[in-house]
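S.K.: quick one, what's the 3D model for this:
(2 chains)
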Amino acid sequence: MTDFSKKYIVIKNNRDFSYLFKKGESIVTFAFVCYVRERRGRCNRLGIVTGKKVGNAVKRNRSRRIIREAFRLFEPILKEKTQKRYDFVFVARSKTPELKSTKIYSLMMKNILSKLS
RNA sequence: GGACUUCAUUAUAUGACCGCGGGGCUGGAAACAGCCAUGAGGAAAGUCCGAGCAUCACAGAGCAGGGUAGCUGAUAACGUCAGCCGAGGGCGACCUUAGGGCAAGUGCAACAGAGAUAUACCGCAGCGAAAGCUGUAAGGGUGGAAAGGCGAGGUAAGAGCUCACCGGGUUGCAGGAGACUGCAAUGCCAUGUAAACCCUAUCCGAUGCAACACCGAUUGGUGCGGGGGACAAUGCGUCUGCUCGGCGCACCCCGUUGAAAGGUGGCUUGAGCGUAAUGGCGACAUUACGCCUAGAUAGAUGGUCAUACGCGACAGAACUCGGCUUACCGAUGGAGUCCCACC
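M.R.: You can find the predicted model right below:
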């Protein structure tokens, strides 16, 4: 139903998450851990995991928002570069809430694009 | 000026650009697009109490289990709040208070100490040549606690033995709505612990919005199991470092599940908030006027930049209220107390 939408889809299923943890390619930085896998379909999908290790509810919200914001900027560039579509799962780490979204954005550009191309 | 006490308020602000949630308006068949205003807290937290609301159960009474524990009031209700009483702390403003009953029963009280609810080790006094006997509990030492405290009289020495003051018990009278207070008489009666069991009084049905209600129905859908088919082709999953290959899913049938799944409502207009007046010491109540203030469902408030300063603490709504408790960088205002200086 969101096929024509420009936006990404949010991953909700627990099955999808565990599948990506198992089979996805992992990219580790100090700010986040990312699991990626190629998928069919017309748009990318995004899932964010913020465990209890990150901190209290405010810190978890903060890291979720930062990652989402960074991904919002990052996603159109990815679409331009390649025709392939991917599933992403980002796992927040304990340092994440203290960072700026630009920092995460640059980390995404640096680490993920190079791996996928 | 310094040191405090108490009650409130506030919780970085402003602008630009890019985004998000639900709502309204406009365009559109729809998808969607554009515009507009709006969008976390004093604790949203812990889930510790009390309610509303919902479903189930229910004649009445009792047991069990649990809560509460000075009095009077406030309240929908409370374990909350207000005022007062008692006790304790502070020079004071003021603060703290788990504040019924060990004179119903049972239990426990280590060590020390002569002795722990009872005693006589050292003492003191009398008698006696002495051993010792008798009287006594002032003093010593141990302990959280040793038969009310302290002083005077009294005595062989002592002791509520007597008396004054203080403390506690009982009875009476007076005051108060009551907790209680005051006075008088009597008389010293006998440890602590009930946040030990327990007793007394009083209150309590259970489960929580993932409650619950509705929508949609056999040509349909969810999950599980079994069989078939394909064994050609395609995709995905799985075993594997890779290939081959096997198995599973996608297809069909049967059995079972019978609303569990999905969607919508519940979901924010409420014991609501603000201002004023009146009543009340106060909690609060009444009246008038004004206001509408998040409703997400993997969960919306964010990002970037700029400016200012003290460089921003604790922390994120999840059915809704009233409280309590805990966390917290600060800032501002009102009222009040004590000390110093000056007049």
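
S.K.: ok, and the closest non-adjacent residue to the residue of chain A found nearest RNA strand B?
M.R.: As assessed by CB to the nearest atom of the strand, RNA strand B sits closest to residue A:100 within chain A, at 2.9 Å. Yep, even glycine has a C-beta here, placed from its N, CA and C like the rest. Excluding its sequence neighbours, the residue lying closest to residue A:100 (CB to CB, 6 or more residues apart in numbering) is residue A:66, at 7.6 Å.

S.K.: hang on, the earlier thing: and the residue of chain A closest to RNA strand B, how close does it get to residue A:108?
M.R.: Applying CB to CB, to the nearest Å, the value for residue A:100 to residue A:108 is 13 Å.

S.K.: these two: who's more crowded?
M.R.: residue A:108 (25 against 11; other CB atoms under 10 Å).

S.K.: my read is the more buried one is in a helix, agree?
M.R.: Yes. Per DSSP: H, G, I helix; E, B strand; the rest coil, residue A:108 lies within a helix segment.

S.K.: list the contacts of it.
M.R.: A:34, A:70-71, A:74 (CB atoms under 8 Å, 6 or more residues apart in numbering).
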